[in-house]
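**Q** how would this look folded up:
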Amino acid sequence: MFFNRLRSISWLGGGAKENRCDELLPKEPVVLNVYDLFQINDYTMVLGVGFFHSGVQIYGREYGFGGHEFPMSGIFEIEPCNGEAELGESIRFRESILLGYTHFSRPDVERIVDQLGAQFPGNSYHLTSRNCNHFSNSLVQIVCGRKIPGWVNRLAHLVNCVPFLERCMTPRPSEYRHHYHHYQFQQY
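**A** Okay, here's the model as predicted:
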């Protein structure tokens, strides 16, 4: 895969010469856009948990992941910070977090997203174990070597650790996939 090849380059050599070259490369901000899924987050955030959607903004595009019934990419693209209009009324923009910078070009990022589409098909979406935040974390790790903040997906991790909570909170696939169903997915 394209990004596997590129990831292996990072351990080759090092030193001052590489750092000077690194300074000359163009840098593009990598921003995590976080949305509240429910207004209950106004109350649960004091406990350090909430229901969030996230997308990664690079080169003026925001990439997200959502569920649908087909074995094709579940990755979609929206106008940055516009989740309310494009994903539904229950989504409210919370904040943008600068996670770092990437040296990948726009075409490189598009290829990476395209390849991630095979790893994130829409029919693999799961509210707690394979959601938009898992996708965002994967993309961010590839393009800038960072992770998304833990609080963004903390509730999903907690639910996965406590089987009782998972049974109570995780809806059937038909119930959570409809959330993104109205959005026309662009194949990546």
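**Q** This protein: strands as residue ranges?
**A** 28-36, 52-58, 61-65, 75-78, 92-102 (DSSP state E).
**Q** Give me whichever of the ones you listed is most buried.
**A** strand 52-58 (a mean of 26; mean count of other CB atoms under 10 Å). From N, CA and C alone the C-beta is placed, and that goes for glycine too.
**Q** Give the rounded mean pLDDT of that strand.
**A** Averaging pLDDT along strand 52-58 yields 97.
**Q** What is that strand packed up against?
**A** Contacts defined by 3 or more CB pairs under 8 Å, 6 or more residues apart in numbering; DSSP states H and E place strand 52-58 against strand 28-36, strand 61-65, helix 83-87, strand 92-102, helix 132-144.
**Q** circling back to that earlier point, Arg130: which of the strands of the chain is closest?
**A** Between Arg130 and the strands of the chain, the tightest spacing by CB to CB is seen for strand 61-65, at 8.5 Å.
**Q** What strands line up against the closest one, and which way round?
**A** strand 52-58 (antiparallel), strand 75-78 (antiparallel) (DSSP bridges).
**Q** Dump those into CSV; add distance to Leu127 as well.
**A** Formatted as CSV, those follow (distance: least, CB to CB, whole Å):
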stretch, distance to Leu127
strand 52-58, 11
strand 75-78, 17
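**Q** Nearest to Ser138, out of these?
**A** Closest among the strands paired with strand 61-65, once you apply CB to CB, is strand 52-58, at 9.4 Å.
**Q** Pull the distance from the closest one to the chain's centre.
**A** 5 Å (CA atoms, centre = their mean, to the nearest Å).
**Q** same thing with stretch 83-93?
**A** The chain centroid and the centroid of stretch 83-93 are separated by 16 Å under CA atoms, centre = their mean.
**Q** For that stretch, output the C-alpha coordinates as PDB.
**A** What follows is stretch 83-93, C-alpha atoms only, in PDB (Å, rounded to 0.1, in the frame of the first residue of the first chain):
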ATOM      1  CA  GLY A  83     -21.800  18.700   9.800                       C
ATOM      2  CA  GLU A  84     -25.100  20.200  10.900                       C
ATOM      3  CA  ALA A  85     -26.200  21.000   7.300                       C
ATOM      4  CA  GLU A  86     -24.700  17.900   5.700                       C
ATOM      5  CA  LEU A  87     -25.100  15.100   8.300                       C
ATOM      6  CA  GLY A  88     -28.300  16.000  10.100                       C
ATOM      7  CA  GLU A  89     -29.900  18.200  12.700                       C
ATOM      8  CA  SER A  90     -28.800  16.100  15.600                       C
ATOM      9  CA  ILE A  91     -25.100  17.000  14.900                       C
ATOM     10  CA  ARG A  92     -23.800  20.200  16.300                       C
ATOM     11  CA  PHE A  93     -20.200  21.600  15.600                       C
END
